[in-house]
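**Q** pasting the sequence and the predicted coordinates here, then a few questions.
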Amino acid sequence: RDSVEPFYAALEALLVSKPRVSEFLSARDLALVMHGLARHRCPAGDGVAAEQRQAVEPLTEWPFEEFVGRRLRDFNTQGLAMVLHAALRLRRGGAELFIALTTRLRLKRKELQAPGLALVYSAAAEAVPIVGLDESLALLRDLRNDCHRLVPVLSPWQVAYIASALASTAAARNAQEQRATLIWRSRAEAEMMAEALCSRATEIITEPGRLSRVCAMLRDAAEAHSRPDRKPCTED
């Protein structure tokens with residue numbers, strides 16, 4: 001990280017001092033620059049840490065939200081996911097940018113691939129203090145079919161990001177007194193999704209401790225984010 005600090009410092013200084021440079025960035029270049037800057041300024045392990053979500057000071061002076069707004073219709077689905085995740089990590093754009101990006105993502109979600117899905121899950125968890133728990137959960141609810149579609153091709157870090165995001169939002173739900181949006185319509189659907197993700201994790205995560213943590217988070221989240229199924233009435 002230290003070895004590339006001069007590069008990112010110089011890049012940020014250029015983007016801040018010469019706004020016209022940002023105007024010439026394509027949507028793809030804008031997404032890549034934001035993603036790289038976010039990974040440098042806010043590195044993460046398996047997901048989002050509580051102290052990162054609660055911090056409010058922006059991690060860059062570059063006002064990228066202005067240029068993202070101009071290019072909004074030019075981003076492909078992966079670009080939207082990268083920009084959304086980077087904006088949350090860099091702590092800029094706020095609720096307005098989150099809503100704009102997720103509105104576009106919902107329209108193009110059938111094109112979403114595994115890397116983008118994991119980034120969106122992580123971003124949804126990080127956005128809870130900014131947009132509220134219901135808004136974040138509504139995004140995860142709308143992506144539940146896409147998650148099911150992509151389970152067979154998820155990589156270890158992608159499964160871990162999804163598990164961490166579900167666990168983080170479950171903790172936020174448990175800390176909230178009023179009811180919040182449910183991700184899954186039934187406990188059976190939630191448990192089926194958790195077991196599918198755990199099965200995939202078993203195939204690709206080789207470290208036993210990490211595998212155990214991921215599956216525990218997924219199963220706990222399935223219970224937290226769904227309503228218990230009603231038992232059929234029986235006659236005496």
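**A** Okay, I see it.
**Q** next secondary structure after the helix or strand hosting residue 102?
**A** For residue 102, the element it lies in under DSSP states H and E is helix 94-107. Using DSSP H and E, the helix or strand that follows helix 94-107 in sequence is helix 114-126.
**Q** after that following helix, next one along is what?
**A** On the C-terminal side of helix 114-126, the nearest following helix or strand under DSSP H and E is helix 128-131.
**Q** for that next one, C-alpha coordinates in CSV please.
**A** Taking C-alpha atoms only, helix 128-131 is exported to CSV below (Å, rounded to 0.1, in the frame of the first residue of the first chain):
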residue,chain,number,x,y,z
VAL,A,128,-27.1,1.7,6.2
PRO,A,129,-26.0,4.8,8.2
ILE,A,130,-26.5,6.9,5.1
VAL,A,131,-29.8,5.8,3.6
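**Q** about what we covered before: in the helix holding residue 102, which residues are buried?
**A** By neighbour count on 16 or more other C-beta atoms under 10 Å, the buried set for helix 94-107 is 97-98, 100-102, 104-105. Placement of C-beta: from N, CA and C, glycine included.
**Q** quick one: those as a markdown table, columns for distance to residue 31 too.
**A** Below are those laid out as a markdown table (distance: C-beta to C-beta, whole Å):
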| residue | distance to residue 31 |
| --- | --- |
| 97 | 13 |
| 98 | 16 |
| 100 | 14 |
| 101 | 11 |
| 102 | 15 |
| 104 | 13 |
| 105 | 13 |
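**Q** returning to that earlier point: just the CA trace of the helix holding residue 102, in PDB.
**A** Taking Å, rounded to 0.1, in the frame of the first residue of the first chain, the C-alpha atoms of helix 94-107 are listed here in PDB:
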ATOM      1  CA  GLY A  94     -24.400  10.400   0.100                       C
ATOM      2  CA  ALA A  95     -27.900   9.100  -0.200                       C
ATOM      3  CA  GLU A  96     -28.600  11.000  -3.500                       C
ATOM      4  CA  LEU A  97     -25.800   9.200  -5.300                       C
ATOM      5  CA  PHE A  98     -26.700   5.800  -3.700                       C
ATOM      6  CA  ILE A  99     -30.300   6.100  -5.000                       C
ATOM      7  CA  ALA A 100     -29.200   7.200  -8.500                       C
ATOM      8  CA  LEU A 101     -26.800   4.300  -8.900                       C
ATOM      9  CA  THR A 102     -29.100   1.600  -7.400                       C
ATOM     10  CA  THR A 103     -32.000   2.800  -9.500                       C
ATOM     11  CA  ARG A 104     -29.800   2.100 -12.600                       C
ATOM     12  CA  LEU A 105     -28.600  -1.200 -11.200                       C
ATOM     13  CA  ARG A 106     -32.100  -2.400 -10.700                       C
ATOM     14  CA  LEU A 107     -32.900  -1.700 -14.300                       C
END
